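Chemist: I'll drop the sequence and a predicted model, then ask my questions.
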Amino acid sequence: TIALSLGNLGCAGVVYAYKANQATSQLESAKTMRAEELAEYEYYFAKAHLLKAQEEAAEASYGDAIELANIAAEYAQKAIDLASAAHRGAGR
């Protein structure tokens, strides 16, 4: 059972790493689009959830870390969408 648990932790760690990288990439895209100004709530909500996901992963709480990284990615995408809409509205 210990070996199985360690194997599951390894898989969960890989899933977390993928989700966290996805959220990080989306946050970087959002920042490039000035989402910090144009979609403040969504941007900082995503950023806070990504930070918390990193804390949970450091404690090997991968289930929570994955869930938080998913929320971060979701809100980073919302920030991107809102910033994009603001740019279109400004004729950019």
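Modeler: Yep, that arrived.
Chemist: ok, Gln26 - contacts?
Modeler: Contacts of Gln26 were listed using C-beta atoms under 8 Å, 6 or more residues apart in numbering, and they are 46, 72-73, 76-77, 80. Just so you know, the C-beta spots here come from the backbone N, C-alpha and C atoms, and that holds for glycine as well.
Chemist: redo that, cut-off 10 Å
Modeler: Contacts for Gln26 (C-beta atoms under 10 Å, 6 or more residues apart in numbering) come out as 35, 46, 50, 72-80.
Chemist: what secondary structure does it sit in?
Modeler: helix (DSSP: H, G, I helix; E, B strand; the rest coil).
Chemist: report pLDDT for it.
Modeler: Gln26 carries a pLDDT score of 98 in this model.
Chemist: ok, it to Ala58 distance?
Modeler: 21 Å (C-beta to C-beta, to the nearest Å).
Chemist: go on, Ser25?
Modeler: From Ser25 to Ala58 the distance is 20 Å (C-beta to C-beta).
Chemist: quick one: which of the two has more around it?
Modeler: Neighbour count, other C-beta atoms under 10 Å: between Ser25 and Ala58, Ser25 has more, with 12 against 9.
Chemist: might one say that the more buried one is in contact with Ala46?
Modeler: No - counting by C-beta atoms under 10 Å, Ser25 stays clear of Ala46, with 11.6 Å between them.
Chemist: what do those two both touch?
Modeler: Common contacts of Ser25 and Ala46, defined by C-beta under 10 Å, 6+ apart, comprise 73, 76.
Chemist: tabulate the contacts of Gln26 (TSV), appending neighbour count.
Modeler: Output for these, formatted as TSV (neighbours: other C-beta atoms under 10 Å):
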residue	neighbour count
Ala35	28
Ala46	28
Leu50	24
Ala72	27
Ala73	23
Glu74	16
Tyr75	25
Ala76	29
Gln77	18
Lys78	19
Ala79	29
Ile80	23
